[in-house]
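Engineer: Next input, structure requested:
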Amino acid sequence: MKEVPMNSIPAAAGHGPQLDERIPGQIRYIIGNEGCERFSFYGMRNILTVFLVSSLLMYLPEGDRERTAKDVFHTFVIGVYFFPLLGGWLADRFFGKYNTILWLSLVYCLGHACLAISESNRTGFYTGLALIALGSGGIKPCVAAFVGDQFDQRNKHRAKVVFDAFYWIINFGSFFASLLMPFFLRSYGASVAFGIPGALMFIATLIFWLGRRHYVLVPPAPPNPHSFLHVCRTALMAGTSGRVLALTGAAAVIVSFLLIPQFGFVIAACLALVAVIGFGGAGVWLQLDAVRGRHPDDAIAGVRSVLRVLVLFALVTPFWSLFDQKASTWILQANAMTRPEWFQPAQMQALNPLLVMLLIPFNNMVLYPALTRFGYETTALRRMTAGIAFSGLSWIAVGVMQVVLDGGTAFSIAWQVLPYALLTFGEVLVSATGLEFAYSQAPQAMKGVIMAFWSLSVTIGNLWVLVVNAGVQNATVIEFIRGSGFGLTAFQMFFFAAFAFVAALAFGLVARSYPVADHYRKI
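Structural biologist: Just a heads-up that it's a prediction; the model follows:
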């Protein structure tokens, strides 16, 4: 296992710094690992809501099971996408990406084992979910950044192909997991249905370990007085406006935690995190020029680059609010639709990864070239803007379906193909594009951290779901919804659609003036 310092990858012998068309051979280990890991994750995730409603939450009154299952599911997803902050920090500052991925993968395996043996034990099951959130979330920013580390300026143009392949294999694993795990849950019980993903996670860890002698390993950054956090702290203390915003953020944190009796700890903690990032980031931005001379210009530019990206990430959060509810709200809607006896509502989720595997090559080989011929450049930010809007269209479709169901007319689950198609097209435009975009915008010393912030946007997206679910328990809100003429679920669906359309408009406006950077590793 050889560590290769930054900027020390030699050019091909005798050819100087010419472009190298080859994709690094070690990528196959990372892709194989990712395929098995994604089968593992989506295998358990896509049956989680069904298992909670039909088994673990049977002690609750029937009317409370679906709402509680949604809360548990989205709390779990919040954890999965919060822990990238920890994983990115550990990788960038202490252990490097390889060691962080390997060690947290073992924690991940332990979490699956807890699920398999705790089908009737709530404490054991929730412990397993917590360990999976830590393991899966902790490795998330590291794996994507680790892929990027295998490239330099000679072959960076091949990175888009690999990131697309990376996203394709994620969905390959997700497709078979979504198709098979509901069947195993129904036919063989929870121990088998949760045990199979655990076995796949162990295989994923083994495949990753087998490539240990072939990876390019960028070592963790040494203690740096000009790191992101050090520059931010100096900026906040450099002037009155920075300190005022920092104190305002601190006050918002206190207010957030006062909401625990009303919303619970998870919502309060996430709102506090939003306050810290929002007010703290604004304070740093206003004071960055004041710290010139105390920090080098490249460190200040790096912090400004990260803060610019965070504005875009914040506007992506509504997309994740809509996207992740396909594994909760959409499954619960599918339960009320007519379907063959052998078909389980959770199996509809297999449609999402199947469409992704078809849409990625279609977009790259047909759609994007066609748009280019017509004079329209499909930049990353334009694709992401359109993707957020398409997610809103998908929720208009499910909202209309819910109105029909609320009216007492049952119809085939096959109608959900339309919203799945719209949402998946949006996903390809947002998620596959955003993964590469996030890596390219990060200065080298901040790769893991900025990828963690990309994942954190999913946490905040799921936070909005919990906030809305809690808000509609309020008597005044319930009365307002009744007056709208819609049922509770349909009203929420149209609300989330509007949320996405507003976010798409704001994202597009901000993107028009965003200065795109190029932070791939030098030769």
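Engineer: quick one, what contacts the residue nearest to Leu110 when sequence neighbours are not counted?
Structural biologist: Take Leu110 and drop its neighbours on the chain: the residue closest to it by CB to CB, 6 or more residues apart in numbering is Leu131, 5.5 Å away. (Glycine included, C-beta is placed from N, CA and C.) Leu131 is in contact with Val107, Tyr108, Leu110, Gly111, Cys114, counting by CB atoms under 8 Å, 6 or more residues apart in numbering.
Engineer: how about 6 Å then?
Structural biologist: By CB atoms under 6 Å, 6 or more residues apart in numbering, the residues touching Leu131 are Val107, Leu110, Gly111.
Engineer: Pretty sure it sits in a helix.
Structural biologist: Yes. According to DSSP: H, G, I helix; E, B strand; the rest coil, Leu131 belongs to a helix.
Engineer: rewinding a little: from the contacts of Leu131, which ones fall inside strands?
Structural biologist: Of these, none are assigned to strands by DSSP state E.
Engineer: out of these, which are inside helices?
Structural biologist: Members of the contacts of Leu131 lying in helices (criterion: DSSP state H): Val107, Leu110, Gly111.
Engineer: Which of those ranks first by neighbour count?
Structural biologist: Gly111 (22 neighbours; other CB atoms under 10 Å).
Engineer: quick one: that one from Cys36, how far?
Structural biologist: Distance of Gly111 to Cys36, given as CB to CB, to the nearest Å: 15 Å.
Engineer: quick one: which of the contacts of Leu131 is nearest Pro443?
Structural biologist: Val107 (28.9 Å; CB to CB).
Engineer: check contacts around the closest one.
Structural biologist: Residues in contact with Val107 (CB under 6 Å, 6+ apart) are Leu131, Leu134, Gly135.
Engineer: Tell me the one of these nearest Ala314?
Structural biologist: Distances from Ala314 to the contacts of Val107, taken as CB to CB, are shortest for Leu134 (24.5 Å).
Engineer: Whichever strand or helix holds Leu307 packs against which elements?
Structural biologist: Per DSSP states H and E, Leu307 falls inside helix 297-323. Applying 3 or more CB pairs under 6 Å, 6 or more residues apart in numbering; DSSP states H and E, we find helix 297-323 packed against helix 228-236, helix 265-287, helix 380-406, helix 447-471, helix 488-511.
Engineer: Could you pull out the buried residues of the longest one?
Structural biologist: The one in question is helix 380-406. Residues of helix 380-406 classed as buried by neighbour count (16 or more other CB atoms under 10 Å): 380-403, 405.
Engineer: thinking again about what came up before, pLDDT of the helix holding Leu307, averaged?
Structural biologist: Helix 297-323 carries an average pLDDT of 90.
Engineer: cool, and stretch 491-510?
Structural biologist: Mean predicted confidence for stretch 491-510 is 96.
Engineer: Tell me the buried residues in that stretch?
Structural biologist: Of the residues in stretch 491-510, 491-497, 499-501, 503-504, 506-508, 510 count as buried by neighbour count, 16+ other CB under 10 Å.
Engineer: from these, which single one is nearest Arg304?
Structural biologist: So of the buried residues of stretch 491-510, ranked by how close each gets to Arg304 (CB to CB), first place is Val510, at 15.1 Å.
Engineer: Give me the distance between that closest one and Trp320.
Structural biologist: The value you get for Val510 to Trp320, if CB to CB is used, is 17 Å.
Engineer: ditto for Leu217
Structural biologist: Taking CB to CB as the measure, Leu217 falls 31 Å from Trp320.
Engineer: what about these two, which has more around it?
Structural biologist: Of the pair Leu217 and Trp320, Trp320 is the one with more neighbours under other CB under 10 Å, namely 24 against 18.
Engineer: In contact with the more buried one, which residues?
Structural biologist: Val458, Gly461.
Engineer: Show the low-confidence segments of the stretch 201-350 of the chain, by residue range.
Structural biologist: By pLDDT under 70, the stretch 201-350 of the chain has no low-scoring segment.
Engineer: where does the stretch 51-200 of the chain dip in pLDDT?
Structural biologist: Checking the stretch 51-200 of the chain against pLDDT under 70 turns up 153, 156-157, 160.
Engineer: if you set the cut-off to 80 instead, what comes out?
Structural biologist: Applying pLDDT under 80 to the stretch 51-200 of the chain flags the ranges 63, 93, 141, 144-145, 148, 151-169, 171.
Engineer: mind listing the strands for it?
Structural biologist: Under the criterion DSSP state E, counting those that start in this stretch, the stretch 51-200 of the chain contains no strands.
Engineer: All the helices of it, residue numbers only.
Structural biologist: Using DSSP state H, counting those that start in this stretch, the helices of the stretch 51-200 of the chain run over 62-82, 84-90, 96-117, 122-149, 159-188, 190-210.
Engineer: Show me what the fifth one is packed up against.
Structural biologist: In other words, helix 159-188. helix 27-51, helix 190-210, helix 351-362.
Engineer: just the ones you listed: most buried one?
Structural biologist: helix 27-51 (a mean of 24; mean count of other CB atoms under 10 Å).
Engineer: what's in contact with that one?
Structural biologist: By CB under 6 Å, 6+ apart, the list of residues contacting helix 27-51 from outside reads 69, 73, 136, 147, 162, 169-170, 172-174, 177-178, 181-182, 185, 190, 193-194, 197, 200-201, 203-204, 207-208, 211, 327-328, 331, 346, 349.
Engineer: Run the angle between it and helix 159-188 for me.
Structural biologist: On the basis of axes from the mean of the first three to the mean of the last three CA atoms, to 10 degrees, helix 27-51 is oriented at 40 degrees to helix 159-188.
Engineer: Helix 27-51: how far from the chain's middle?
Structural biologist: Relative to its chain's centre, helix 27-51 lies at 14 Å (CA atoms, centre = their mean, to the nearest Å).
Engineer: cool, stretch 367-376 as well?
Structural biologist: Chain-centre distance of stretch 367-376: 29 Å, with CA atoms, centre = their mean.
Engineer: And for stretch 408-428?
Structural biologist: Stretch 408-428 sits 21 Å away from the centroid of its parent chain (CA atoms, centre = their mean).
Engineer: again with stretch 144-154
Structural biologist: Between the centre of stretch 144-154 and the centre of its chain there are 20 Å (CA atoms, centre = their mean).
Engineer: Next: stretch 254-266.
Structural biologist: Using CA atoms, centre = their mean, the offset of stretch 254-266 from its chain centre is 24 Å.
Engineer: who's in contact with that stretch?
Structural biologist: Thr75, Ala268, Leu271, Ala272, Ala470.
Engineer: What about those, which one has the most neighbours?
Structural biologist: Thr75 (22 neighbours).
Engineer: Who are the contact partners of that one?
Structural biologist: Applying CB under 6 Å, 6+ apart, we find Thr75 in contact with Val266.
Engineer: domain ranges for this protein?
Structural biologist: With domains defined by automatic domain parsing, the chain comprises 27-226+296-511, 227-295.
Engineer: Give the stretch among these with the greatest mean number of neighbours.
Structural biologist: Most buried among the domains of the chain, counting by mean count of other CB under 10 Å: domain 27-226+296-511, with a mean of 20.
Engineer: Serialize the helices and strands packed on helix 159-188 to a markdown table and add fields for distance to Leu247.
Structural biologist: Formatted as a markdown table, those follow (distance: least, CB to CB, whole Å):
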| stretch | distance to Leu247 |
| --- | --- |
| helix 27-51 | 40 |
| helix 190-210 | 44 |
| helix 351-362 | 44 |
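Engineer: Nearest to Arg304 among those would be which one?
Structural biologist: Closest to Arg304 of these is helix 27-51 (CB to CB; 31.0 Å).
Engineer: Just the angle for that closest one relative to helix 122-149, thanks.
Structural biologist: Counting by the same axes, to 10 degrees, helix 27-51 points 150 degrees away from the direction of helix 122-149.
Engineer: Can you name the residues in contact with stretch 194-211?
Structural biologist: Defining contact as CB under 6 Å, 6+ apart, one finds that stretch 194-211 is touched by 26, 29, 32-33, 36-37, 39-40, 43-44, 105, 108-109, 112-113, 115-116.
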